[in-house]
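Enquirer: model this:
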Amino acid sequence: MPRLQTYKERPVVLLTNDDGPPCASSPNIFSFCKLLQSRLGWDVKVVIPDCQKSWVGKAYAISDVISASYFYPLEPDGLTGDITTKSRPLREGETMEWMLLSGTPATCTNIALHNLYPGEIDLVVSGPNHGRNSSTAFALSSGTLGAALAGALSIPLPGPSTGEPSLHIDHIPCIAVSYGVVTRPVTDRIQELATDAAVDVCERLFDDWGWDEDHQLGRHLVQLYSVNIPLVEADLEKSSRKTAWTNIWRNSYGRLFKVTDQSEVRYDPGDHSNQNRPQKTEVPPESSKTSTAGPAAIPDSADPAAVTSKASSDGQLKFRFGPDMKPLLFPPIESLPVGSDAWAFAKGYIGVTPMRAQFAGPIEGRYGFGKEENEGKKAGNLWQ
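Expert: Okay, here's the model as predicted:
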């Protein structure tokens, strides 16, 4: 396929995520955004949640009123910067204006496309997520994938105010990028290589977007790509970097929650070094407000001054998110289907998975009841 169409000569890209502003739980978005701008020359519009929103999938909190703030991240890492309730001109030392919304990742995408930048966006990029999103167990729970899926479903979109027709009648092209943490610590060099690889993949997809053959829609552009990048330095060096087309490994998870006596806890989706160890930290109530950016958006559990633990003494039964991820993160490689995203991750390959914004049912005519084992069911048949 040819290069994606754009409204202007310079592509306008919406960048969102589920990890929130730059902080310990969101260490990737600032450097990724800068490289999209400097290397590819893209005009990047950043609209992200104002705090950590992992594992919420494609949720919309329809009873919430969504508040918007403007964030002006500063070099070198975006951990500091002014936040205001109204947009203002850039000041000395500021190069970008980001928008922070008090909503889910999917909410950020939809509001950005339909309310903030209608008729301007050529491509949605979600991420880079702090943690892998390979396999159905992660992908169906992922706020990163959820934001991208929201983009693919956010149509029809208007054309620009100049009166040009819309480029997005069926769907808008979307990419979800995830960095899979393998070992700790994640060094600056690993993050630099991962960001380099992520931008390369985005550029290559943009310049040669794939097509999908659908029995209902016919031949059309792929709606969404999920990109998983293992954070292993040796595999990310350009001389040894490999990228594979993949499909999603079908798997499942078990228990996700544990009994707790705490009022609130913090879960870092990228930290797999202590999956079986209680995380005795609590996010202070003010952390979800957009009063400050960076570490205050989600406090770093390594800083004892930033987090406190409040035990509950009322005897009420409570649960916290405390999954055992080992079966999902470290399955025997011989159990993984060749060509799946989990197989590619285990091999140290970057996995690129074309996806549709839908729940995929069984193949036509290949499902039914036991007595119909040979003929199967077809859509439109009545239940006899």
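Enquirer: Could you use CA atoms for every contact and neighbour count after this?
Expert: OK.
Enquirer: Scan this protein for its longest helix.
Expert: Ranked by residue count, the top helix of the chain under DSSP state H comes out as helix 188-207.
Enquirer: Work out the gap between that one and the centre of the chain.
Expert: With C-alpha atoms, centre = their mean, to the nearest Å as the basis, helix 188-207 stands 15 Å off its chain's centre.
Enquirer: What is it packed up against?
Expert: If you count contacts as 3 or more C-alpha pairs under 8 Å, 6 or more residues apart in numbering; DSSP states H and E, helix 188-207 packs onto helix 29-40, strand 174-181, strand 224-231, helix 233-236.
Enquirer: and P156, which of those is closest to it?
Expert: Judged by C-alpha to C-alpha, the one of the helices and strands packed on helix 188-207 that comes nearest to P156 is strand 174-181, at 14.8 Å.
Enquirer: Give me the mean pLDDT for that closest one.
Expert: For strand 174-181, the mean pLDDT works out to 97.
Enquirer: helix/strand/coil for the residue nearest in space to the middle of the chain?
Expert: Computing the C-alpha centroid of the chain and ranking residues by C-alpha atoms, centre = their mean puts T144 first, at 1.8 Å. Put simply, T144 is helix when judged by DSSP: H, G, I helix; E, B strand; the rest coil.
Enquirer: tell me the contacts of it?
Expert: N17, D18, S54, G57, P105, S126, G127, N129, A176, V177, S178 (C-alpha atoms under 8 Å, 6 or more residues apart in numbering).
Enquirer: which stretches of the chain form strands?
Expert: In the chain, the strands defined using DSSP state E lie at 12-16, 43-49, 68-73, 81-84, 98-101, 123-130, 174-181, 211-214, 218-221, 224-231, 243-245, 257-259, 319-321, 350-355.
Enquirer: Partner strands of the last one, with direction?
Expert: As defined by DSSP bridges, the strand partners of strand 350-355 come to strand 224-231 (antiparallel), strand 243-245 (parallel).
Enquirer: CA atoms only for the longest helix of the chain, dumped as CSV, please.
Expert: The C-alpha trace of helix 188-207 is given here as CSV (Å, rounded to 0.1, in the frame of the first residue of the first chain):
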residue,chain,number,x,y,z
ASP,A,188,19.0,4.8,29.7
ARG,A,189,20.7,3.0,26.8
ILE,A,190,17.8,0.4,26.6
GLN,A,191,15.2,3.1,26.6
GLU,A,192,17.1,5.0,23.9
LEU,A,193,17.2,1.9,21.7
ALA,A,194,13.6,1.1,22.3
THR,A,195,12.5,4.6,21.4
ASP,A,196,14.7,4.5,18.3
ALA,A,197,13.1,1.1,17.3
ALA,A,198,9.5,2.3,18.0
VAL,A,199,9.9,5.4,15.9
ASP,A,200,11.4,3.3,13.1
VAL,A,201,8.4,1.0,13.2
CYS,A,202,5.9,3.9,13.2
GLU,A,203,7.7,5.4,10.2
ARG,A,204,7.7,2.2,8.2
LEU,A,205,4.1,1.5,8.9
PHE,A,206,3.1,5.1,8.0
ASP,A,207,5.0,4.8,4.7
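Enquirer: Report the angle between it and strand 350-355.
Expert: Angle, helix 188-207 to strand 350-355, by axes from the mean of the first three to the mean of the last three C-alpha atoms, to 10 degrees: 40 degrees.
Enquirer: So what touches helix 188-207?
Expert: With contacts defined as C-alpha under 8 Å, 6+ apart, helix 188-207 is touched by 2-4, 28, 31-32, 35-36, 40, 175, 177, 179, 229, 231-233, 236-237.
Enquirer: filter the residues you listed to the buried ones?
Expert: 4, 28, 31-32, 35-36, 175, 177, 179, 229, 231-233, 236-237 (16 or more other C-alpha atoms under 10 Å).
Enquirer: Could you pull out the buried residues of stretch 110-122?
Expert: By neighbour count on 16+ other C-alpha under 10 Å, the buried set for stretch 110-122 is N110, I111, A112, L113, H114, G119, E120, I121, D122.
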